[in-house]
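*Asks:* what follows is a predicted protein model with its sequence.
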Amino acid sequence: LHGATVALIDRAAAEGNPIGHFRTPDPSEGASVIGDGPPTRRLEDLQVALERPGSKADAAKQAILFELITTDDNFLDCYKRLLEEVVVPYLKARVDALDRRDAAAAGAAGAPAGDETQGRCGGGQVNSGGGG
């Protein structure tokens, strides 16, 4: 996702719609260098050129950024992979752990199995295949 984001920022600048610029990081701040090349660009070093909050210029930049993101297949593919391979499995594991904890607590309290301890989405199972 990092590479796709940097490419998106570069594309914006190349199209005459710069989002901001990467400040040159201080090596003491953990800038990394690959071989003899320049330091890698870190997203935390991106300085977005902001106008007055709520201004027309900020709204225009927001619209440009929205257009860039929604039309960049590489960025969207990377973002989708992040969600599918990292975020959703993590959240599912957390929900499952909470359900096990709740079921154990209900069992210890003598509550009947079922009803409110059967999942956190209306009692049904949640799948990660997009159905929900």
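*Replies:* Nice, thanks for sending it over. Residues are numbered from 1 along each chain as shown.
*Asks:* so what does residue 42 have for phi and psi?
*Replies:* Main-chain dihedrals, residue 42, degrees, to the nearest 10: phi -100, psi 140.
*Asks:* how near is it to residue 22?
*Replies:* Separation of residue 42 from residue 22 (Cβ to Cβ, to the nearest Å): 8 Å. C-beta here means a position set from N, CA and C on the backbone, and glycine is covered the same way.
*Asks:* and for residue 54?
*Replies:* From residue 54 to residue 22 the distance is 26 Å (Cβ to Cβ).
*Asks:* and residue 110, by the same measure?
*Replies:* 60 Å.
*Asks:* neighbour count for the two, which is higher?
*Replies:* residue 22 (17 against 6; other Cβ atoms under 10 Å).
*Asks:* just give the nearest non-adjacent residue to that one, would you?
*Replies:* Leaving aside its chain neighbours, residue 22 sits nearest to residue 41 (4.5 Å; criterion: Cβ to Cβ, 6 or more residues apart in numbering).
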